[in-house]
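**Q** Here is a sequence together with a model predicted from it:
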Amino acid sequence: MLVSCNSSKDKDKSSENNYKPSFIETDPKNDGYIPNAATAIKIAKAIWIPLYGETDYLNKTFKTELSKDGVWKVYNQVPADSQGVELYAYINKMDGKIIKVYGLSIYKSEP
């Protein structure tokens, strides 16, 4: 059984003595170590920062898909009429292993 504590870094000093953490219980045997899309995105960003730096690409909205075999796909898409970098990460839901990480440079096609 894994118990995690949620805390807020932005709490004000006056409420510091009254702060009570909230606990969320998860069971990795059933839920895996990456139980939801929000966790998968955080892990993907942690992987991309050393590879690509703190770029604007990391501030984009990321999409997630969970495959039938329990692999999270985390990615962003560059709109068809623009250019940029599409980032991809594949993460095993049950054990958290990073399966594949890559980025694709997308160039705007000239008419």
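**A** Arrived safely.
**Q** what helix or strand is the most centrally placed residue in the chain on?
**A** In the chain, the centroid-proximal residue (CA atoms, centre = their mean) is residue 41; its distance is 1.0 Å. According to DSSP states H and E, residue 41 maps onto helix 37-52.
**Q** List the contacts of that helix.
**A** Defining contact as CB atoms under 8 Å, 6 or more residues apart in numbering, one finds that helix 37-52 is touched by 34, 57-58, 62, 64, 66, 72, 74, 85, 87, 89, 91, 93, 96, 98, 101, 103. For glycine as for every other residue, the C-beta is placed from the backbone atoms N, C-alpha and C.
**Q** Now which of those residues would you call buried?
**A** Neighbour-count burial (16 or more other CB atoms under 10 Å) applied to the contacts of helix 37-52 gives 34, 57, 62, 64, 72, 74, 85, 87, 89, 91, 93, 101, 103.
**Q** gap between residue 85 and residue 102?
**A** Using CB to CB, to the nearest Å, we find residue 85 at a distance of 10 Å from residue 102.
**Q** what do those two both touch?
**A** Going by CB under 8 Å, 6+ apart, no residue sits against residue 85 while also sitting against residue 102.
**Q** quick one: the strands in the chain?
**A** In the chain, the strands defined using DSSP state E lie at 2-6, 22-26, 63-66, 71-75, 84-92, 98-106.
**Q** Put together a markdown table for those, with mean pLDDT on each row.
**A** Listed next are the strands of the chain as a markdown table, based on pLDDT from 0 to 100:
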| stretch | mean pLDDT |
| --- | --- |
| strand 2-6 | 44 |
| strand 22-26 | 62 |
| strand 63-66 | 97 |
| strand 71-75 | 97 |
| strand 84-92 | 93 |
| strand 98-106 | 93 |
